[in-house]
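Undergrad: Next comes the sequence, and after it the predicted model I'd like to discuss.
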Amino acid sequence: MRGVLSGFAVIAVVICIGYVIGRRGSLGVHGSDVLTKLAFSVASPALLFTTLARADLSVIFSSRLLVTAVSTAAAAGVFVAVGAARRWGVGRTTIGALCSSYVNSGNLGIPIAVYVLGDASLVAPVLLFQQVMVTPIALTVLDLAGDGEQRPLWHRLLTPLRNPVAVGSLSGVLVSATGLSVPGPVMDPLTLIGNMSVPAVLLAYGISLRGSAAPGRGADRRPVLLSVALKSVGQPAASWALATGVFGLHGAQLLDVVVTSSLPAAQNLFTYASRYRVGEALARDAILLSTVLSVPVLVTVAALLG
């Protein structure tokens, strides 16, 4: 319980500060855009590189990761199927699919892993999976959803190599996989810059809440409610079913995968939506609602499986 409340308290305080900044106009009318561009183009790539360059990639290959990967694909796949049937558009559907399955494994997942699961490293598989696999694929789709049909094939194939977040992730994986040692004069500035990522994302999200309507209303009502239902209920349920019925996990391992899947949608998804100017209201509302709902969900999961 303490880990759940601690993680949410930190996030809530920073978002509230962003909201106050937006209300006061301290950063001007383009404050949120500047923070979003800073996070997407500079701070987040640095954070992903420094994190993955030091990571033990062997944690990827485990039954826990398979449960996470399949449940993520299931939740995202349901949203994609509905989005395609309802003609919500490629970009909007991609953002909704991310909000349905991409968990807040960093600034929420780590404290919850420490206080609820007793080991911060237990969140590493989902953290690496999302950064190495999900993020590059999703951002490539968003890149191509713009004017991809007007570009030559070779240009489209090189899309991931032009995306700063994807480049940061893949470069970190390359360094870790090859065992290269990055000199301190290079790693230390990158670490310092990367430390700006989470605060910038949360502040930009808080600023965006100024003047916004109540979540779950308007034109994005249906995709928002669908993504929140999949994130808060569908993905945890799928993880439990897979863990117990397919992989035979129980005890601490079962608690680990279900708690991880019960985390809310990550705030950096709003950064991606803002960067590509698609599904911004959808991302903002889905993140807010899934974050609120994840409190009782996580408490329930911890009580039943802990």
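TA: Everything's here; your move. Owing to the predicted nature of the structure, the values given are computational and were not obtained by experimental measurement. Residues are numbered from 1 along each chain as shown.
Undergrad: so where do the helices sit in the stretch 201-306 of the chain?
TA: 221-229, 235-245, 251-261, 268-276, 280-305 (DSSP state H, counting those that start in this stretch).
Undergrad: go on, the stretch 51-200 of the chain?
TA: Remark: helices assigned in the stretch 51-200 of the chain by DSSP H, counting those that start in this stretch are 63-86, 90-101, 109-112, 124-129, 135-147, 153-157, 164-178, 184-194, 197-208.
Undergrad: can I get the helices of the stretch 201-306 of the chain in TSV with distance to residue 84?
TA: Placement of C-beta: from N, CA and C, glycine included. Shown next, in TSV, are the helices of the stretch 201-306 of the chain (distance: least, CB to CB, whole Å):
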stretch	distance to residue 84
helix 221-229	12
helix 235-245	20
helix 251-261	24
helix 268-276	19
helix 280-305	16
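Undergrad: Ok, which of the ones you listed comes nearest residue 96?
TA: helix 221-229 (4.8 Å; CB to CB).
Undergrad: Need the contact partners of that closest one.
TA: Residues from elsewhere that reach helix 221-229, judged by CB atoms under 8 Å, 6 or more residues apart in numbering: 79, 82-83, 86, 88, 92, 96-97, 99-100, 215-216, 265, 279, 282, 285-286, 289-290, 293.
Undergrad: How far off centre is it?
TA: Averaged C-alpha coordinates place helix 221-229 at 17 Å from its chain's average position (CA atoms, centre = their mean, to the nearest Å).
Undergrad: in that helix, what's buried?
TA: For helix 221-229, burial by neighbour count (16 or more other CB atoms under 10 Å) applies to 223-229.
Undergrad: Most widely separated two among those residues?
TA: Pairwise distances across the buried residues of helix 221-229 (CB to CB) peak at 10.8 Å, for the pair 223 and 229.
Undergrad: Geometric centre of this protein: which residue is closest?
TA: By CA atoms, centre = their mean, the chain has its centre lying nearest to residue 266, at 3.6 Å.
Undergrad: quick one, phi/psi of the spatially closest residue to it that is not a sequence neighbour?
TA: Using CB to CB, 6 or more residues apart in numbering and skipping the chain neighbours, the partner closest in space to residue 266 is residue 104 (4.2 Å). When read as degrees, to the nearest 10, the backbone of residue 104 gives phi -80, psi 80.
Undergrad: wouldn't residue 104 be in contact with residue 261 here?
TA: No. If you go by CB atoms under 8 Å, residue 104 and residue 261 don't touch, sitting 11.5 Å apart.
Undergrad: more neighbours, the two?
TA: The neighbour comparison of residue 104 against residue 261 (other CB atoms under 10 Å) goes to residue 261, with 27 against 23.
Undergrad: what's near enough to touch the residue nearest to the more buried one when sequence neighbours are not counted?
TA: In space, and not counting its chain neighbours, residue 261 is closest to residue 239: 3.8 Å by CB to CB, 6+ apart. By CB under 8 Å, 6+ apart, residue 239 lies in contact with 67-68, 71, 257-258, 260-261.
Undergrad: Adding pLDDT and distance to residue 15, write the residues you listed out as JSON lines.
TA: Below are the contacts of residue 239 laid out as JSON lines (pLDDT from 0 to 100; distance: CB to CB, whole Å):
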{"residue": "67", "pLDDT": "91", "distance to residue 15": "30"}
{"residue": "68", "pLDDT": "87", "distance to residue 15": "26"}
{"residue": "71", "pLDDT": "94", "distance to residue 15": "27"}
{"residue": "257", "pLDDT": "90", "distance to residue 15": "28"}
{"residue": "258", "pLDDT": "92", "distance to residue 15": "26"}
{"residue": "260", "pLDDT": "89", "distance to residue 15": "22"}
{"residue": "261", "pLDDT": "93", "distance to residue 15": "23"}
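Undergrad: Among these, which pair sits farthest apart?
TA: 68 and 258 (10.4 Å).
Undergrad: What helix or strand is residue 29 located in?
TA: For residue 29, there is no host helix or strand (DSSP states H and E).
Undergrad: Right, I'll call it a day here.
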